[in-house]
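Enquirer: Take a look and give me a structure for this.
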Amino acid sequence: MAKLTLKGVKEYTSESTAAMVRPVYNQMGCDNVAEFFETCDNVAGHGADCGFNGFIYYSETVAFFRAHRPAIVRMVSELADDLGEDAVAMVKGFKCLNNCYTYDDVARAMYGRYNDDLTQIYNALSWYALEEVANAASNYKYENK
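Expert: Sure thing, here's the model as predicted:
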């Protein structure tokens, strides 16, 4: 097996996801790269809503989204564009949001000023970033066995 590295994940995935590899790694609080890949396999297999270090509490996920909003929105927009979808409509349809928010609510969360009423949307977008990075890392690991 080739040596697994964060740089390898960045080179393996899209530019927008690559920009989030280090922030996700840091948010997870992993002690080493091996722990990162193991955690990513678990996230990829079970989903972010199962609870992973750094992405459990709203205080963590909201702060993460606020710190990385442009990069996360870029990731969402890139995927939506690849799928021929509207980015806001795609986020509105995230299962974890349970269709509880309007299109305008999601647009405000993605592009507007911070609002306490949109915490669940910020959380969902942080989980999205976690899952995208985890899927990229897990796929990279599989391809480099």
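
Enquirer: where's the residue nearest the centre of the chain, which helix or strand?
Expert: Geometric centre of the chain, nearest residue: residue 129, 0.8 Å, by Cα atoms, centre = their mean. Element membership for residue 129, per DSSP states H and E: helix 119-143.

Enquirer: related to what we said a few turns ago, so what's the residue nearest to the centre of the chain up against?
Expert: 20, 23-24, 64-65, 68, 71-72, 75 (Cβ atoms under 8 Å, 6 or more residues apart in numbering). For the C-beta atoms, the positions are set from N, CA and C on the backbone; glycine is no exception.

Enquirer: Kindly recompute the last result at 6 Å.
Expert: Residue 129 sits next to 20, 72 when contact means Cβ atoms under 6 Å, 6 or more residues apart in numbering.

Enquirer: Look up how far residue 79 lies from it.
Expert: For residue 129, the distance to residue 79 (Cβ to Cβ, to the nearest Å) stands at 11 Å.

Enquirer: now do residue 92
Expert: Applying Cβ to Cβ, the value for residue 92 to residue 79 is 14 Å.

Enquirer: of the two, who's got more company?
Expert: Legend: neighbour count by other Cβ atoms under 10 Å for residue 92 and residue 79, higher for residue 92 (21 against 17).

Enquirer: pretty sure the more buried one contacts residue 106?
Expert: Yes - if you go by Cβ atoms under 6 Å, residue 92 and residue 106 touch, sitting 4.7 Å apart.

Enquirer: Mutual contacts of residue 129 and residue 79, please.
Expert: By Cβ under 6 Å, 6+ apart, residue 129 and residue 79 have no common neighbours.
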